[in-house]
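Chemist: Generate coordinates for the sequence data below:
(one chain, ligands or ions: 2)
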Amino acid sequence: MIDDISAERVVIFDTTLRDGEQALAQSLSMQQKLQIALALEDLGVDVIEAGFPISSAGDFESVQTIARALRRAVPCGLARAVPGDVTRAAEALKAAERFRIHTFIATSTLHVEKKLRRSFDDVLAMGVAAVKEARKWTDDVEFSCEDAGRTPIDNLCRMVEAAIDAGATTVNIPDTVGYTFPTEFGGIIRTLMNRVPNIDRAVVSVHCHNDLGMATANSLTALQEGARQIECCMNGLGERAGNCALEEVVTAIRLRQAWLKGLKTGIVHERIARTSMLVSKICHEPVPSHKPIVGSNAFAHSSGIHQDGVLKNRETYEILTPESVGVHGNVLHMTARSGRHMIKACLEKLGYTESDYNMNDLYARFLKLADKKGQVYDYDLEALLFFTKVEEETPTYQLDRMNVMCGNGETLPTASVRLRVGKRTRTESSIGNGPVDAIYNCITRLTGIRCRLVSYSINANGEGMDALGQVDVTVEHEGRIFHGMGLSTDVLEASARAFVHAMNVIEQAREVEKKRKGTSTNAPAAELESHERRGV
Ligand SMILES: CC(=O)SCCNC(=O)CCNC(=O)[C@H](O)C(C)(C)COP(=O)(O)OP(=O)(O)OC[C@H]1O[C@@H](n2cnc3c(N)ncnc32)[C@H](O)[C@@H]1OP(=O)(O)O
Ligand SMILES: CC(C)C(=O)C(=O)O
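Modeler: Numbers count the residues shown, from 1 in each chain. Ligands and ions are numbered 1, 2, ... in the order given. So this is what the prediction gives:
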């Protein structure tokens with residue numbers, strides 16, 4: 001039982017390690033379960049259903065280990081309504097100072113007749129006996145009416161009343177197959193609250209599956225009708241389409257507290273993202289990008305109208321801050337759906353002011369690139385900006401001539417490159433691992449810019465034999481990434497042009513940086529002087 005028993009407190013019962021594990025293709029090891037259990041405790045969940053002890057020796061050991069390890073959260077184990085299951089659960093859990101036994105039996109006519117092959121009265125008697133057996137071990141006993149969502153309401157009321165009379169302190173109403181609608185499920189809870197005479201002696205819990213995508217909605221509706229425990233799994237894991245997602249339900253409770261008349265949980269919300277990631281990694285279950293709260297798109301914006309809104313006031317399109325759930329900031333992707341406000345904001349971040357570019361020209365070029373590439377990155381935008389500028393002014397370095405010697409025999413790949421730097425020309429020769437490496441060695445010596453080649457790609461631009469070779473390079477210089485692009489019918493020339501382009505973008509960025517710091521520079525000229533002094 002939890003310490004805070006105020007009427008507004010919602011108990012968060014996590015079943016990632018039991019119902020969540022039922023969804024995995026391979027069961028979790030004891031170490032994996034323990035790691036998740038400790039993370040869930042740190043997250044602030046109240047009850048951790050650690051497994052089904054009768055199921056296997058391994059699960060028994062996992063439940064036992066977790067029961068010993070937990071300090072605050074209450075460990076719990078599942079048991080069918082048979083004495084052997086209940087005893088086995090108690091044996092696994094008894095190492096803990098306090099623990100919960102969760103016993104269950106199906107109550108819907110379909111399950112009673114077709115699966116259990118008994119009468120409802122027999123099932124009722126089994127449920128009562130199991131609760132009584134569990135109470136011999138602990139005063140924290142939960143009883144679930146499996147498939148309650150499809151159970152005739154009179155039978156459900158009878159079963160719940162009998163379980164409470166037998167000593168159940170929590171009665172759980174599962175929508176086992178995720179079949180009900182929120183109003184329908186809320187109606188079931190309301191009826192139980194009104195018709196079961198001893199209902200106030202137990203906490204009413206719900207356990208909703210997501211087969212029709214309504215698990216969170218059904219759980220929240222149940223809270224409005226008086227339920228005070230939610231069973232859920234991290235990342236919405238769980239049998240078939242999953243259970244109610246912990247991160248969704250607790251965030252909704254916190255965010256819409258007024259709507260839910262002051263309900264609250266003990267969750268440490270800032271730990272949600274990291275717990276989600278841990279569960280996803282250990283379970284090998286990637287979180288879909290569009291998953292509420294913890295998906296990578298939950299705080300991402302790719303379209304112009306939304307980006308403009310968020311840049312002006314992020315509440316326009318974000319109902320909570322990413323930081324409030326432990327996500328480090330929102331993400332704005334530059335795509336062909338982005339608008340000018342987004343481009344301006346990105347350039348501002350890179351240190352450019354409106355006087356550095358003509359927005360309409362730049363935006364037109366941006367759209368062309370975005371249509372071609374899909375996503376445009378900061379460094380692409382900087383390269384575009386520079387391209388726009390080259391048409392207005394001469395770039396720092398221009399490829400004047402180049403010769404390359406290579407082959408598949410004894411020949412050492414050798415290149416000579418002549419660069420135009422202002423009014424002067426300079427030449428360098430170098431060998432390399434291959435022709436491109438030899439060319440890049442020459443350019444590096446000529447510009448004096450030290451950088452690391454991060455990526456190099458070559459693509460045919462156009463169709464068939466007429467295609468131009470387009471080379472894209474990214475280089476890292478002083479912790480920043482720069483992009484260069486070169487186009488030519490000769491792929492080696494395209495390679496050289498791409499690298500020279502990247503060097504020019506670096507020079508451009510250096511100028512902007514110097515301007516921002518209030519000092520002007522003549523770096524390339526100074527470097528050229530030094531090359532001259534070295535007799536390059
Ligand atoms: C809705 C839920 O998520 S329920 C939890 C589901 N999780 C699991 O099943 C995982 C753990 N399960 C297991 O390890 C095994 O199924 C065990 C150990 C529980 C049982 O294994 P087995 O004895 O080989 O039986 P099996 O799983 O094939 O069949 C289930 C039996 O339990 C009965 N049963 C099912 N639920 C209950 C219940 N709540 N109370 C009593 N009996 C039940 C079935 O009617 C069936 O009985 P039968 O053999 O007389 O026909
Ligand atoms: C055991 C019960 C709670 C269950 O998992 C379900 O009904 O889905």
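Chemist: How much space separates the closest residue to ligand 1 within the stretch 251-400 of the chain from Arg228?
Modeler: Using CB to the nearest ligand atom, the closest approach of the stretch 251-400 of the chain to ligand 1 is made by Cys283 at 16.2 Å. C-beta here means a position set from N, CA and C on the backbone, and glycine is covered the same way. To Arg228, Cys283 is 28 Å away according to CB to CB, to the nearest Å.
Chemist: returning to what we had before: the residue of the stretch 251-400 of the chain closest to ligand 1 contacts Leu17, correct?
Modeler: No - using CB atoms under 8 Å, Cys283 makes no contact with Leu17, being 10.0 Å away.
Chemist: intersection of neighbour lists for these two?
Modeler: Common neighbours of Cys283 and Leu17, using CB atoms under 8 Å, 6 or more residues apart in numbering, are Leu28.
Chemist: who's more crowded, these two?
Modeler: Leu17 (29 against 21; other CB atoms under 10 Å).
Chemist: interface residues of the chain facing ligand 1?
Modeler: 19, 22, 52, 54-55, 80-82, 104-105, 115-116, 146, 176, 239 (CB under 6 Å from any ligand atom).
Chemist: Tell me which two of those residues sit farthest apart.
Modeler: Spatial extent of these (CB to CB) is set by the pair Val82 and Glu239 at 20.6 Å.
Chemist: Compare neighbour counts for those two and give me the winner.
Modeler: Here Val82 and Glu239 are compared on neighbour count by other CB under 10 Å; more neighbours surround Glu239, at 20 against 16.
Chemist: how would you label the nearest residue to Glu8 once chain neighbours are set aside: helix, strand or coil?
Modeler: Leaving aside its sequence neighbours, Glu8 sits nearest to Gly262 (CB to CB, 6 or more residues apart in numbering; 4.8 Å). Secondary structure assignment for Gly262 (DSSP: H, G, I helix; E, B strand; the rest coil): coil.
Chemist: Gly262 and Arg9 touch, don't they?
Modeler: No - counting by CB under 8 Å, Arg9 is not a contact partner of Gly262; they are 10.0 Å apart.
Chemist: Compare those two and say which is more crowded by neighbours.
Modeler: Arg9 (18 against 10).
Chemist: Spatially nearest residue to the more buried one, not counting backbone neighbours?
Modeler: Nearest non-adjacent residue to Arg9, counting by CB to CB, 6+ apart: Lys264, 6.3 Å away.
Chemist: can you pull the contacts of the one you found?
Modeler: Counting by CB under 8 Å, 6+ apart, Lys264 has contacts Glu8, Arg9, Val10, Ile253, Arg254, Gln257.
Chemist: For Asn172, see how far away it is.
Modeler: 21 Å.
Chemist: same check, this time on His290
Modeler: Distance check for His290 against Asn172: by CB to CB, it reads 30 Å.
Chemist: Have a look at the two and say which one is more surrounded.
Modeler: Neighbours were counted for His290 and for Asn172 using other CB under 10 Å; Asn172 has more, 25 against 10.
Chemist: tell me which parts of the stretch 1-150 of the chain are close to ligand 2?
Modeler: Contacts of the stretch 1-150 of the chain with ligand 2, taken as CB under 6 Å from any ligand atom, map to Asp19, Phe104, Ser144, Glu146.
Chemist: The last one reaches Thr103, doesn't it?
Modeler: No - contact criterion CB under 8 Å: Glu146 and Thr103 do not qualify, at 10.6 Å.
Chemist: Ranking by neighbours, what's the top pick from the residues of the stretch 1-150 of the chain next to ligand 2?
Modeler: Ranking these using other CB under 10 Å puts Ser144 first, with 27 neighbours.
Chemist: leaving aside the residues next to it on the chain, what's closest to Ile439?
Modeler: The shortest distance from Ile439 to any non-neighbouring residue, by CB to CB, 6+ apart, is to Ala415 (4.5 Å).
Chemist: hey, what's that neighbour bridged with?
Modeler: In this entry, Ala415 is beta-bridged to Val404, Ser430, by DSSP bridges.
Chemist: burial count for it?
Modeler: 26.
Chemist: Now do it, the pLDDT please.
Modeler: On pLDDT, Ala415 comes in at 97.
Chemist: same check, this time on the one 5 residues further on
Modeler: The confidence metric pLDDT takes the value 93 at Arg420.
Chemist: That one should be in a helix, yeah?
Modeler: No - secondary structure of Arg420 (three-state DSSP): strand, not part of a helix.
Chemist: In this structure it contacts Tyr397, no?
Modeler: Yes - counting by CB under 8 Å, Arg420 touches Tyr397, with 7.2 Å between them.
Chemist: Please say which of those two ends up with more neighbours.
Modeler: A count of neighbours by other CB under 10 Å puts Tyr397 above the other of Arg420 and Tyr397, at 22 against 17.
Chemist: and that one, what does it touch?
Modeler: Under the criterion of CB under 8 Å, 6+ apart, the neighbours of Tyr397 are Leu419, Arg420, Val421, Ile443, Leu446, Thr447, Val500, Met503, Asn504, Glu507, Pro524.
Chemist: same for the longest helix seen in the chain, what does it pack against?
Modeler: Using DSSP state H, we find that the single longest helix of the chain is helix 491-517. Counting contacts by 3 or more CB pairs under 8 Å, 6 or more residues apart in numbering; DSSP states H and E, helix 491-517 packs against helix 378-390, strand 397-405, helix 435-447, strand 452-461, strand 468-477, strand 480-488, helix 523-533.
Chemist: can you give me the offset of it from its chain's centre?
Modeler: In terms of CA atoms, centre = their mean, to the nearest Å, the centre of helix 491-517 is found 35 Å from the chain centre.
Chemist: now the angle between strand 480-488 and it, please.
Modeler: Counting by axes from the mean of the first three to the mean of the last three CA atoms, to 10 degrees, helix 491-517 lies at 140 degrees to strand 480-488.
Chemist: distance of the closest residue to His333 other than its chain neighbours from Glu348?
Modeler: Nearest residue to His333, sequence neighbours excluded (CB to CB, 6+ apart): Ser302, at 4.3 Å. Counting by CB to CB, the separation of Ser302 from Glu348 is 19 Å.
Chemist: Give me the domain ranges for this structure.
Modeler: Following automatic domain parsing, one finds the domains of the chain at 11-283, 300-390, 397-533.
Chemist: And the ones you listed: which comes nearest Val294?
Modeler: domain 11-283 (4.0 Å).
Chemist: what mean pLDDT would you report for that closest one?
Modeler: Across domain 11-283, pLDDT averages out at 98.
Chemist: before we move on, what about stretch 458-469?
Modeler: Computed over stretch 458-469, the mean pLDDT rounds to 67.
Chemist: Surely Val475 touches Ile481?
Modeler: Yes - counting by CB under 8 Å, Ile481 is a contact partner of Val475 at 7.4 Å.
Chemist: When those two are compared, which one has more neighbours?
Modeler: Taking other CB under 10 Å, Val475 and Ile481 do not tie; Val475 has more neighbours (26 against 17).
Chemist: ok, what's across the strand from the more buried one?
Modeler: Beta bridges link Val475 to Leu453, Phe482, judged by DSSP bridges.
Chemist: mind listing what it touches?
Modeler: Val475 makes contacts with Cys451, Arg452, Leu453, Val454, Ile481, Phe482, Gly484, Phe499, Ala502, Ile506, as judged by CB under 8 Å, 6+ apart.
Chemist: of those, buried ones?
Modeler: When neighbours are counted using 16 or more other CB atoms under 10 Å, these contain these buried positions: Cys451, Ile481, Phe482, Gly484, Phe499, Ala502, Ile506.
Chemist: Identify the farthest-apart pair in the residues you listed.
Modeler: Spanning the widest gap among these are Ile481 and Phe499, at 14.4 Å by CB to CB.
Chemist: Go ahead and measure how far stretch 258-272 is from the middle of the chain.
Modeler: With CA atoms, centre = their mean, you get 21 Å for stretch 258-272.
Chemist: Any idea how far apart the tips of that stretch sit?
Modeler: Taking CA to CA, to the nearest Å, the first and last residues of stretch 258-272 lie 22 Å apart.
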